[in-house]
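>>> I would like to see how this sequence folds:
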Amino acid sequence: MEEAYKEEAIYALAELFKIFGDPTRIRILYAMLDAERCVNDIAGLLGMSQSSVSHQLRILKTSKLVKSRREGKSIFYSLDDEHVRSILNMGMEHIMEGNKG
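Presented below is the predicted three-dimensional model:
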């Protein structure tokens, strides 16, 4: 791997982990783990304002962790792909293993 490309990839990975570093964003991602949801549904599930959820969804969408689709006047959000689900699952497995000892 070319060194400059490798450095660029390392910084991109660090930025990705920064996005995962916010508990609110993790809660939002978990809310979409098994179903797509609209902002109102996510806000209700998590006890947050719609504007706070929308702000975090913009960050998650820009980072390509969630995608959206419009249905009439509603916009539904879901995890962007299986990689996001895998990252969440592997992270939680790691945490749970650490709590065993």
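>>> Run through the residues that contact the most centrally placed residue in the chain.
When C-alpha atoms, centre = their mean is applied to the chain, the residue found nearest the centroid is residue 29 (4.3 Å). By C-beta atoms under 8 Å, 6 or more residues apart in numbering, the residues touching residue 29 are 60, 65-66, 79, 84, 88. Using the backbone N, CA and C atoms, a C-beta is placed for each residue, glycine as well.
>>> CSV for the residues you listed, including pLDDT and distance to residue 99?
Shown next, in CSV, are the contacts of residue 29 (pLDDT from 0 to 100; distance: C-beta to C-beta, whole Å):
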residue, pLDDT, distance to residue 99
60, 98, 27
65, 98, 25
66, 98, 28
79, 98, 25
84, 97, 23
88, 96, 17
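>>> Which ones among those lie within strands?
Within those, residues falling in strands by DSSP state E are 66, 79.
>>> how about the helices of this protein, start to end?
3-20, 23-31, 39-46, 50-62, 82-98 (DSSP state H).
>>> Go through these and name the closest to residue 74.
Taking C-beta to C-beta, helix 39-46 is the member of these nearest to residue 74, at 8.5 Å.
>>> what comes up buried for the closest one?
Across helix 39-46, burial judged by 16 or more other C-beta atoms under 10 Å covers 39, 41-43, 46.
>>> coming back round to it: from the contacts of residue 29, which would you call buried?
Members of these classed as buried by 16+ other C-beta under 10 Å are 60, 65-66, 79, 84, 88.
>>> Can you tell me which of those lies closest to residue 96?
For the buried ones among the contacts of residue 29, the nearest to residue 96 is residue 88 (12.4 Å; C-beta to C-beta).
>>> Next, work out how far apart that closest one and residue 45 are.
Distance from residue 88 to residue 45, counting by C-beta to C-beta, to the nearest Å: 16 Å.
>>> Kindly report the same for residue 93.
23 Å.
>>> now residue 80
Residue 80 is 19 Å from residue 45, where distance means C-beta to C-beta.
>>> What of residue 86?
Residue 86 sits 22 Å away from residue 45, taking C-beta to C-beta as the criterion.
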